[in-house]
Structures are given as C-alpha cells and as structure tokens.
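A.B. asks: The amino acid sequence is not available; the structure is as follows:
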C-alpha cells in the first residue's frame, strides 16, 4: 500500500505544479536555464530532528525523467543536526530545480511528523506504554504520515476503516449499546480486532464482559485511569486518548496503560526547515 501511495501522491503533487499534466517543460521559470546546463546541489537541514522521506524524493526525480543522480548521507529514522547535509544532487539544472519544492515538501512534512513523534516517545521512556497514531491525517497522505510515525518511534493504529473495528460513542448509540455493538462485530468479522471507546468505569466493565480486544479510555482523568488499570488487570489492552500533550504524556504513560493515542502528531504538523543550495553549475 505504501509503495503504491508514494507513486500516486508524488504524481499528484507534480501534476499540481504543472497545471494538470506531468510535463516538466511546463516549469516556465526553469526554461530560463540552458537546456544542457548541469549542476550540483546539496540539501541541508536547518533544524535538529528525525529525517524521513527518502523514497518520496527519489520518486520525484524518477517521475521527472530519472536523469538526476542522488547521493544520500542519511536514511529514514536518522537523527539529524542543524547544518547537516542530507543528500546531494547532480544532473540537469532544470530538472533539479523543477523537483526541488515537491521533494522538499514531502521531506519537511514527514520529517516534522517523525521529529514530533520522537519527542513524545522520549517522554514515555522507562514505561511499557507505546505511542499510537490516529486517522487524523492530511487527506491522501495517510500511509506516508503513518510511515513517518514509525520512523519517529511510534506505532500505527488501524490504517483505515477496513482493518479493525473501532466502536465509538455514536456507534454505540446507533447499535443500541455496547453489548450489541461488540457482539454484532464479532459475528460480522470474527477475524478483526475490536477496539471500543468507553467514557466511564461502568462502560469499561461492559467492554470487558464482552471481551473487546482494546478499550480506549476517552478523556479519563488521571485518577480514574489508575482505577481503570486495576479494574482491567491485564485482561484487555488499555488505551488513553484525549487532551494528551508533551507535558502530560509521560505521567499518563506511567499509570500502566498499554497505549496513548495522540491525533496532534499527524494533524498539527510543523514542518522541519530544510533547504537546497546549488554548489556548482556548468551552463
């Protein structure tokens, strides 16, 4: 799925730049440069972080004609420092510049996600709790952002609506209660895991009685989470969701829960500051 998505999203991004077709000659500014001009360029980071996005860069230049030679000095998941060279480019000057922004857009976004995830993971060190992502992603970048989460040290929750039941408040109301929702899910797709949101300890017990695989404590306060961990006693996996941030994630992770899900890591994205500079040109 990821490999197909890389090809598709890169193509969409390039077509967006060219006004609807994949044709590098439509970069009118690049046409100011001599057709046979050759350049060397370097991409650096201006910020510390976690790098992510190598395959997207390679796909950009592959779809532009596979005429640019890339030399990599980092790999996805590497820690990078301000001023560090990430990779170099050699080849046709027009194509290097035409692909510059598209390539950097993917890299800065995915590196930004991986970097933010790594900050959460660091706060959770010393516990058995894992950081989960959510479906709160930029449309059409789901698999890319989830890949970036893994590069930053987090783990993926369900990919979409097809690979796991996630029964939430409105599902429960529409199904007539927790029991009906879980039992219907087991009958329809016994091979799929069932996750369910609960809003209090009574609902938690109902989810336990119906043998849900993962129970999400939705916006529970700290003291109630502690009680919930004792109540479950390892008979199901416990997740905490809602209003978790870098300042609080470490404290919640120490309660004994299994997962903390944070939508902000793939929703409130701060791109990493990356830059391309030409180091030599032959016009």
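C.D. replies: Right, received. Where do you want to start? Everything quoted here is computed from the prediction, not taken from an experiment.
A.B. asks: Count the residues that sit near residue 157.
C.D. replies: For residue 157, the count of nearby residues is 20 (other Cβ atoms under 10 Å). To be clear about C-beta, it is placed using only N, CA and C from the backbone, and glycine gets the same treatment.
A.B. asks: do the one 5 residues further on as well
C.D. replies: The local packing of residue 162 (other Cβ under 10 Å) involves 8 other residues.
A.B. asks: May I have the predicted confidence score for residue 283?
C.D. replies: The model reports residue 283 with a pLDDT of 59.
A.B. asks: Can you tell me how far residue 206 is from residue 180?
C.D. replies: 11 Å (Cβ to Cβ, to the nearest Å).
A.B. asks: My error: substitute residue 133 in the last question.
C.D. replies: Residue 133 sits 29 Å away from residue 180, going by Cβ to Cβ.
A.B. asks: Quick one: the strands in this protein, in order.
C.D. replies: 38-45, 49-50, 69-72, 79-80, 85-92, 130-132, 165-167, 194-198, 214-218, 237-241, 259-261, 274-282 (DSSP state E).
A.B. asks: Comparing those strands, which comes out most buried?
C.D. replies: When those are scored by mean count of other Cβ atoms under 10 Å, the highest mean neighbour count falls to strand 49-50 (a mean of 26).
A.B. asks: Need the mean per-residue confidence for stretch 117-137.
C.D. replies: The model assigns stretch 117-137 a mean pLDDT of 97.
A.B. asks: and if you look at stretch 56-66?
C.D. replies: The average pLDDT within stretch 56-66 is 97.
A.B. asks: How about stretch 226-235?
C.D. replies: For stretch 226-235, the mean per-residue pLDDT is 96.
A.B. asks: Counting neighbours, which bits of that stretch end up buried?
C.D. replies: The neighbour-count check on stretch 226-235 (16 or more other Cβ atoms under 10 Å) flags 228-229, 232 as buried.
A.B. asks: cool, stretch 21-30 as well?
C.D. replies: 24, 27, 30.
A.B. asks: The closest residue to the last one other than its chain neighbours: neighbouring residues, count only.
C.D. replies: Distances taken as Cβ to Cβ, 6 or more residues apart in numbering put residue 94 closest to residue 30, at 4.2 Å, once the chain neighbours are dropped. If you count neighbours by other Cβ under 10 Å, residue 94 ends up with 23.
A.B. asks: No further questions, thank you.
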